[in-house]
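K.L.:
just coords:
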């Protein structure tokens with residue numbers, strides 16, 4: 001930085017700051033500031049022209065006043081004038097003022113941009129640096145549009161100084177994060193990769209940050225960076241601490257650059273080139289070897305830098321998951337950290353071992369540390385470390401150690417922190433079911449779980465134990481006996497009463513032969529808990545009583561007396577009153593045969609995936625490493641039981657049963673049911689339930705007066721791309737066969753959808769949930785369409801309140817009209833301020849062509865006649881692809897129906913094939929569509945054939961449907 005001359009001291013500013021500090025009260029401070037503002041305003045408006053020094057001094061005072069929390073509504077033009085100065089200090093203050101006070105909507109933005117362009121073109125490295133810093137600090141879309149094409153040229157120019165290259169790389173990174181659509185990919189991308197070979201390590205560090213972010217979105221463009229990154233990393237890790245003196249931090253050579261290079265390599269699979277792969281393996285082995293060396297310094301900075309590189313190297317080893325030797329070595333190294341005196345190291349070691357436990361190469365190595373992890377669970381003071389220990393025990397569990405791990409978790413549950421009890425309960429329930437060889441152990445475990453932590457046992461858990469007991473004849477008698485004994489405790493948790501009521505209602509007859517558990521004793525035991533229970537549990541017990549009438553006719557009179565009592569027939573709760581009246585009437589007028597038919601034993605539940613795992617995923621939140629590995633491991637394991645449907649007593653027809661799968665996170669439901677009211681943290685759970693308010697039907701004539709705003713194309717954007725950038729196509733595919741769900745979620749915001757479509761019209765309700773306790777200000781959602789999409793799709797939105805309170809939810813309605821067929825989807829861009837920080841998020845809105853599908857029923861003859869008529873090559877689109885999900889017939893049928901077409905039974909000569917028909921409705925035309933899906937179970941492949949009267953429609957529908965299987 002140029003030296004500051006003696007005259008730049010700005011004594012007047014120093015005196016003003018001193019006066020402010022000496023103020024004895026807030027009123028005195030405001031009085032002094034108002035006096036100074038009046039003086040500055042008069043100077044700016046005076047006839048006498050101010051010199052550069054005076055402008056700089058007064059602008060500095062305004063900046064200081066703004067930083068004290070006062071509004072500044074003048075002085076902007078004087079700050080812009082400072083940008084044209086040739087003195088560094090004046091230009092610096094001008095840029096500082098603009099970076100802090102000028103917003104992107106200012107009328108002065110054009111003048112500012114011209115000044116920035118002049119400085120970028122000046123080739124003066126100091127002025128270029130100031131201009132680049134200003135662009136990055138403001139980071140608006142207007143700045144991106146104006147300079148995103150210029151900055152890459154500066155970055156790759158041969159005569160650009162190293163300091164300017166650093167600033168240019170970081171400035172371009174900032175613009176890409178806020179407005180990726182304005183950063184064009186071009187010739188510069190191949191040249192920027194070669195900055196990894198630059199002699200200046202500062203340039204390499206900045207370039208690595210830029211390339212890593214760009215490679216996450218465009219991996220093919222930057223795949224040549226892998227070999228260069230490996231080469232540079234090799235030179236760093238094999239160098240002595242004296243070789244890179246300027247970039248050696250406490251005897252660790254270039255730790256920040258090493259971490260960034262390792263993160264860049266995590267964007268790609270293991271290198272295919274054997275030489276590059278060998279060199280990378282050597283680098284990782286060297287890093288692991290250095291971790292074993294005695295420390296070169298006792299200072300914490302040395303160990304922090306050394307461990308930062310080590311943990312990033314271990315993350316890369318886990319990401320590649322291809323070198324058994326490295327994985328085992330990494331596990332052993334982490335095992336040493338499990339007993340380290342530093343809490344942060346123990347936490348990170350446990351977290352990394354959770355992901356190592358999912359690898360087939362290192363799972364056994366992780367299991368050797370089970371005793372250390374159990375000890376950590378018992379002795380750790382920090383609750384977050386104990387939580388990671390629970391995660392690791394869950395991840396390392398298999399059939400050989402399941403009973404030990406479940407027992408330890410149950411023991412810990414009695415003293416566990418309240419914040420993690422629900423998660424432990426879910427994990428114990430999952431492990432007990434998944435690895436139950438003896439189902440009597442499973443029943444004992446779940447009942448013990450309810451006894452220890454009944455308040456934290458969610459409905460999914462007790463639903464699940466009932467499903468498994470009903471589906472397994474060999475455990476029904478034991479379950480009835482065990483739950484009967486458990487109910488004899490003086491104080492029973494309500495969840496235990498629910499399980500007991502359900503199981504005894506179904507299988508109480510299996511233990512009725514024992515005089516200690518005779519029918520009357522069973523009834524009296526359950527009824528003794530009746531007055532202590534909530535209304536839903538009482539309703540379940542009434543269903544159990546009517547079941548007893550069928551199972552044990554000898555106590556029919558006793559039960560009728562209870563049902564006939566005023567406390568039941570005149571109960572204030574309409575549900576209990578209705579059940580009591582209906583059940584009493586049923587027991588009175590129905591014959592024995594009719595009772596036996598109506599109240600017969602529940603049939604086995606259909607085979608479906610457990611939803612307890614979905615509950616755990618929802619509890620932990622999407623995207624965590626542990627969560628992703630749990631899901632991966634769950635899919636690759638054999639799950640016992642394998643049932644999903646919610647248990648319902650056969651006689652409880654007056655109230656729809658709660659669905660265990662509240663948000664559809666498990667397998668697609670085969671039958672719809674109404675979920676219970678939400679009791680947990682999801683802001684939008686009520687939006688996606690079938691019991692939520694039904695979307696209002698489209699009004700007649702609503703296709704009129706659609707207005708399509710003047711919009712431009714955009715991409716997924718985020719302030720924090722590592723956390724919030726989602727694969728846009730993946731989001732679209734998630735909603736192809738359904739209309740409701742969570743579209744986007746991060747730490748601040750949750751966006752949910754609920755929509756309906758009829759012919760060429762649709763209506764979508766978008767729910768924005770503020771997950772924080774702080775208000776969102778200037779909340780502005782905008783729909784963005786390309787020019788081509790605007791001609792095919794009319795969208796009309798209603799404005800949203802610009803302020804969203806903490807924990808609140810606002811709703812936006814989008815009316816949709818399909819004019820003609822289309823290929824792409826509109827972009828939903830949300831901008832708001834949170835805690836003073838500007839947030840910019842964009843996701844694709846799942847409005848796809850198949851939403852305008854209307855099913856058409858056809859006979860076999862009509863179908864094949866129409867099939868032959870659509871025989872031109874342009875009308876047919878065929879795709880043969882590998883199945884991405886289990887080839888379940890019922891799920892496949894549900895997806896085809898959800899896609900919008902009618903599922904035609906007994907049309908195809910091969911009963912294993914699926915055939916559908918429908919019409920795509922647009923305003924201009926109607927397009928008939930026939931589809932045929934041929935599964936090959938042996939090869940785990942599908943062949944999908946689509947025939948329509950329009951080539952682009954066949955292509956788009958084929959793309960969308962292929963991604964669902």
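P.N.:
Everything's here; your move. Predicted model, so just to flag it, every value in this text is computed and none were measured.

K.L.:
Please count neighbours and contacts with C-alpha atoms only from this point.
P.N.:
Will do.

K.L.:
where does this protein dip in pLDDT?
P.N.:
Flagging of the chain using pLDDT under 70 yields the residue ranges 1-9, 104-106, 241-243, 607-731.

K.L.:
What residue spans form the domains of it?
P.N.:
Using the TED database, the domains assigned to the chain come out as 417-598, 726-847, 850-963.

K.L.:
and of these, who's closest to residue 176?
P.N.:
Within the domains of the chain, the stretch nearest residue 176 is domain 726-847; the backing value is 12.1 Å (Cα to Cα).

K.L.:
How far off centre is that closest one?
P.N.:
For domain 726-847, the distance between its averaged C-alpha position and the chain's averaged C-alpha position is 16 Å (Cα atoms, centre = their mean, to the nearest Å).

K.L.:
about what we covered before: closest to residue 319 out of the domains of the chain?
P.N.:
Set against residue 319 and scored by Cα to Cα, the domains of the chain come closest in domain 726-847, at 18.9 Å.

K.L.:
if we can go back for a sec, same list, the domains of the chain, but as a markdown table with distance to residue 266 please.
P.N.:
Formatted as a markdown table, the entries for the domains of the chain read as follows, by distance: least, Cα to Cα, whole Å:
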| stretch | distance to residue 266 |
| --- | --- |
| domain 417-598 | 30 |
| domain 726-847 | 17 |
| domain 850-963 | 24 |
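
K.L.:
With respect to residue 261, which of those lies nearest?
P.N.:
Each of those was scored for nearness to residue 261 using Cα to Cα, and the closest is domain 726-847 (22.7 Å).

K.L.:
count of residues packed around residue 799?
P.N.:
Using other Cα atoms under 10 Å, residue 799 has 13 other residues around it.

K.L.:
should've said residue 410
P.N.:
Close neighbours of residue 410, defined as other Cα under 10 Å, add up to 20.

K.L.:
how about it, secondary structure?
P.N.:
Using DSSP: H, G, I helix; E, B strand; the rest coil, the secondary structure recorded for residue 410 is helix.

K.L.:
For stretch 829-836, buried residues please.
P.N.:
Neighbour-count burial for stretch 829-836, with 16 or more other Cα atoms under 10 Å as criterion, is recorded at 829-834.

K.L.:
coming back round to it: for the domains of the chain, which one sits closest to residue 232?
P.N.:
Go through the domains of the chain one by one with Cα to Cα and the one that ends up closest to residue 232 is domain 726-847, at 30.1 Å.

K.L.:
returning to what we had before: mind checking which of the domains of the chain is nearest residue 369?
P.N.:
Distance to residue 369, taken as Cα to Cα, is lowest for domain 417-598 among those, at 18.8 Å.

K.L.:
gap between the two ends of that closest one?
P.N.:
46 Å (Cα to Cα, to the nearest Å).

K.L.:
Also stretch 896-912?
P.N.:
End-to-end distance for stretch 896-912: 14 Å, by Cα to Cα.

K.L.:
For it, buried residues please.
P.N.:
Counting neighbours by 16+ other Cα under 10 Å, one finds that the buried residues in stretch 896-912 are 896-904, 907.

K.L.:
cool, stretch 416-431 as well?
P.N.:
Of all the residues in stretch 416-431, those buried under the rule 16+ other Cα under 10 Å are 416, 420-431.

K.L.:
Among the residues you listed, pick out the one closest to residue 930, please.
P.N.:
For residue 930, the closest of the buried residues of stretch 416-431 turns out to be residue 430, at 42.5 Å, with distances computed as Cα to Cα.

K.L.:
and that closest one, which of the three is it?
P.N.:
Three-state assignment for residue 430 (three-state DSSP): helix.

K.L.:
same check, this time on residue 359
P.N.:
Reducing the assignment to helix, strand or coil with three-state DSSP, the entry for residue 359 is coil.

K.L.:
Neighbours of the closest residue to it other than its chain neighbours, how many?
P.N.:
Nearest residue to residue 359 in three dimensions, chain neighbours excluded: residue 321, at 6.9 Å (Cα to Cα, 6 or more residues apart in numbering). Other residues near residue 321 come to 19 when the count uses other Cα under 10 Å.

K.L.:
In contact with residue 321, which residues?
P.N.:
Contacts for residue 321 were tallied using Cα atoms under 8 Å, 6 or more residues apart in numbering; they are 327, 359, 361.

K.L.:
circling back: check the buried residues of stretch 896-912 against residue 752 and report the nearest one.
P.N.:
Here the nearest of these to residue 752, counting by Cα to Cα, is residue 898; it sits at 18.6 Å.

K.L.:
Give me the residues contacting the helix or strand that closest one falls within.
P.N.:
Using DSSP states H and E, residue 898 sits in helix 889-899. Applying Cα under 8 Å, 6+ apart, the set of residues contacting helix 889-899 from outside is 667-668, 670, 736-738, 850-851, 853, 902-903, 914, 916, 961, 964-965.

K.L.:
6 Å instead?
P.N.:
The set of residues that contact helix 889-899 without belonging to it, under Cα atoms under 6 Å, 6 or more residues apart in numbering, is residue 737.

K.L.:
That helix: how far from the chain's middle?
P.N.:
Its chain's average C-alpha position is 25 Å from that of helix 889-899, according to Cα atoms, centre = their mean.

K.L.:
Stretch 359-378 too?
P.N.:
A distance of 28 Å separates the C-alpha centroid of stretch 359-378 from that of its chain, computed with Cα atoms, centre = their mean.

K.L.:
Look at it and report the distance between its end residues.
P.N.:
26 Å.

K.L.:
still on that earlier bit, figure out which of the domains of the chain is closest to residue 100.
P.N.:
That would be, of the domains of the chain and by Cα to Cα, domain 726-847, which comes in at 11.8 Å.

K.L.:
coming back round to it: please flag which of the buried residues of stretch 829-836 sit within strands.
P.N.:
With strands identified by DSSP state E, the entries of those that belong to them are 829-834.

K.L.:
In a markdown table: these, plus distance to residue 382.
P.N.:
As requested, these are arranged in a markdown table below (distance: Cα to Cα, whole Å):
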| residue | distance to residue 382 |
| --- | --- |
| 829 | 40 |
| 830 | 38 |
| 831 | 37 |
| 832 | 36 |
| 833 | 34 |
| 834 | 30 |
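
K.L.:
Which member of these is positioned nearest residue 109?
P.N.:
For these, the minimum distance to residue 109 (Cα to Cα) is 19.6 Å, reached by residue 831.

K.L.:
circling back: identify, from the buried residues of stretch 416-431, the entry nearest to residue 883.
P.N.:
Among these, residue 430 lies closest to residue 883 (Cα to Cα), at 26.7 Å.
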